[in-house]
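1. structure for this input, please:
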Amino acid sequence: MKRFLMCLLVAVAAAGCGGDSSDELEAALERIEELEAAQQDAAETTSTQPTTTSLAATTSTTTAPPATTTAAPATTTTVPVCDASWSDAPDVTSGWPSAAFTAPGRSLQEEVRIGTHPGYDRFLIEFEEDGRTPNGWSVSWIFGSPLHDGSGEPVDMEGDEFLEVRYLGSAGWVTYPEAWYQGPQEFFGSTIGAGNLVEAEMAGDYEGYVTWYVSTQTKRPFNVFTLTGPPRLVVDICH
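-> I've put the predicted structure just below:
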């Protein structure tokens, strides 16, 4: 715009030099002043207009954090120890002992263990994987001292009370010697910090019967049951 006004002024001056009247020059100057005023108004209007910012550019997106899910605590069922189902009375299978010989299969013990748990100690006999648990058993507190099966000789054991664990179906006496039980035949409760169990000792594998004695400090209720995979016979004794 300024360049245009300068050109117009030059043109007017040139016209004046050519002998035009002063009225034409004055009119041209007025026109120049009008144009300058219009240019100034336009500039002020532009500077006072508010700046519009795109909403998309100024709006921030807030993503809510994912809801936190708290898993419910697992429910633990506690099996009562030494409850009314435990007893110090003999635990003998039905038809003992003759009925045990009629069942097929064999129960060759492969491993024997003792353990201790809150409220009770455990005596466990594990049998060969492809075998089964005994066809029958008799578990009971005895009076007097334990004796070796067959010879009748006393079993030298520590402890004040003696639980006899006797079962059928072993067939150890009719198998090859390499199939007989080769593991430890004596265990001590002191090695595991037992609460009542003092000692466990094997006292015979004779004519299909296997006999173990578990000695304790006191005569307490016990619980007998079997497990599978591998087959096991378990005797738990209260502290």
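2. which residue is the nearest non-sequential neighbour of E186?
-> E201 (4.8 Å; Cβ to Cβ, 6 or more residues apart in numbering). The way it works is simple: take the backbone N, C-alpha and C, and place the C-beta from them, glycine included.
3. separation between that neighbour and T216?
-> 13 Å (Cβ to Cβ, to the nearest Å).
4. out of these two, which sits in the busier spot?
-> T216 (25 against 22; other Cβ atoms under 10 Å).
5. tell me the confidence at the more buried one?
-> In the predicted model, T216 carries a pLDDT score of 98.
6. pretty sure it is touching N196, no?
-> Yes. Shown here, T216 and N196 form a contact pair, counting by Cβ atoms under 8 Å, at 4.8 Å.
7. which neighbours do those two share?
-> 121, 237 (Cβ atoms under 8 Å, 6 or more residues apart in numbering).
8. what residue ranges in the chain are flagged as low confidence?
-> Along the chain, the model assigns pLDDT under 70 to residues 1-79, 99-104, 169-175.
9. domains of it?
-> 2-44, 91-238 (automatic domain parsing).
10. looking at those domains, which is closest to A84?
-> domain 91-238 (9.3 Å; Cβ to Cβ).
11. and that closest one, end to end?
-> In domain 91-238, first residue to last residue: 15 Å (Cα to Cα, to the nearest Å).
12. the strands in this protein, which residues?
-> 91-92, 109-117, 120-127, 136-141, 161-168, 186-188, 197-206, 209-216, 222-227, 232-238 (DSSP state E).
13. can you check what angle separates the last one from strand 222-227?
-> Here strand 232-238 points in a direction 160 degrees away from that of strand 222-227 (axes from the mean of the first three to the mean of the last three Cα atoms, to 10 degrees).
14. what's the answer for the fifth one, then?
-> Interaxial angle, strand 161-168 versus strand 222-227 (the same axes, to 10 degrees): 30 degrees.
15. can you list the strands that strand 161-168 pairs with?
-> Here strand 161-168 is paired, per DSSP bridges, with strand 136-141 (antiparallel), strand 209-216 (antiparallel).
16. same deal with the last one?
-> When sheet partners are counted by DSSP bridges, strand 232-238 sits next to strand 120-127 (antiparallel), strand 222-227 (antiparallel).
17. do the longest one as well
-> According to DSSP bridges, strand 197-206 has the following sheet partners: strand 186-188 (antiparallel), strand 209-216 (antiparallel).
18. just put those strands in TSV and tack on distance to F225.
-> Shown next, in TSV, are these (distance: least, Cβ to Cβ, whole Å):
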stretch	distance to F225
strand 186-188	20
strand 209-216	16
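19. my read: S145 touches P154, true?
-> Yes. Under the criterion of Cβ under 8 Å, S145 makes contact with P154 at 5.4 Å.
20. quick check: closest non-adjacent residue to G150.
-> For G150, the closest residue by Cβ to Cβ, 6+ apart turns out to be Y206, at 4.3 Å.
21. what bridges to that neighbour?
-> Y209.
22. what is the burial count for it?
-> 15.
23. also S138?
-> Neighbours around S138, by other Cβ under 10 Å: 19.
24. what's across from S215 in the sheet?
-> Going by DSSP bridges, S215 forms beta bridges with F162, E199.
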